[in-house]
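Peer 1: here is the input, now give the coordinates:
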Amino acid sequence: MLLDTIKGNIIIKDKVQSWEEAIQISAEPLLKKNWITEGYVDAMISNVKKNGPYIVIVPGFAMPHARPECGALQTGMSFLKLNEPVVFPDDMEVQLILSLAANDSNAHLAALSELTDIVMDDDKMEQLFHSETIEEILEILK
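Peer 2: Reported below is the predicted structural model:
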């Protein structure tokens, strides 16, 4: 499920100027497919400005998201891998950003369950941090 949800939505970039730009870039595949609106991206950024870096769920990994009514038109995920970390509020360095859009409260749960298994696996996370190609990332997420 996770692989199906994220395939075709992966970006690798050397670096970005800000965490806001990182969220915008990570959401681009979802925007291009019309799965989210620009308002959804704005809401993801506003959430961090308002609530702090709660989206950094483990060191180096952030999962920006917003409420479905903010512009999630379809359930989907997109992934940005940065070769150089970007600094989120509270000096949290992040290299992996998975943008999540869910147009209801249940559709994304199976993919999130698989993602949890990966995030809790130190070896897989280390592989993701050092991945260089989209193919490598897909292989790790299998």
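Peer 1: what's in contact with the helix or strand harbouring Asp123?
Peer 2: Using DSSP states H and E, Asp123 maps to helix 122-130. For helix 122-130, contacts defined as CB atoms under 8 Å, 6 or more residues apart in numbering pick out Val58, Gly60, Phe61, Lys81, Gln95, Leu96, Ile118, Val119, Glu136, Ile137, Ile140. Any C-beta I mention is one placed from the backbone N, CA and C, and that applies to glycine too.
Peer 1: so where do the helices sit in this protein?
Peer 2: 2-6, 19-32, 38-51, 109-119, 122-130, 134-141 (DSSP state H).
Peer 1: still on that earlier bit, pull out the buried residues from the helix holding Asp123.
Peer 2: For helix 122-130, the neighbour count (16 or more other CB atoms under 10 Å) marks Met125, Gln127, Leu128, Phe129 as buried.
Peer 1: swap in stretch 44-62?
Peer 2: Met44, Ile45, Asn47, Val48, Pro53, Ile55, Val56, Gly60, Phe61, Ala62.
Peer 1: got the CA coordinates for that stretch in CSV?
Peer 2: Provided in CSV are the C-alpha atoms of stretch 44-62 (Å, rounded to 0.1, in the frame of the first residue of the first chain):
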residue,chain,number,x,y,z
MET,A,44,0.8,22.5,6.3
ILE,A,45,3.3,25.4,6.6
SER,A,46,0.9,27.3,8.9
ASN,A,47,0.6,24.3,11.2
VAL,A,48,4.3,24.3,11.8
LYS,A,49,4.4,28.1,12.4
LYS,A,50,1.6,27.8,14.8
ASN,A,51,2.3,24.5,16.6
GLY,A,52,6.1,24.1,16.2
PRO,A,53,7.9,21.2,14.6
TYR,A,54,5.5,18.5,15.8
ILE,A,55,5.7,17.0,12.3
VAL,A,56,9.3,15.9,13.0
ILE,A,57,8.3,12.5,14.2
VAL,A,58,11.8,11.0,14.5
PRO,A,59,15.2,12.7,14.1
GLY,A,60,15.7,13.7,10.5
PHE,A,61,12.2,12.7,9.3
ALA,A,62,9.2,15.1,9.0
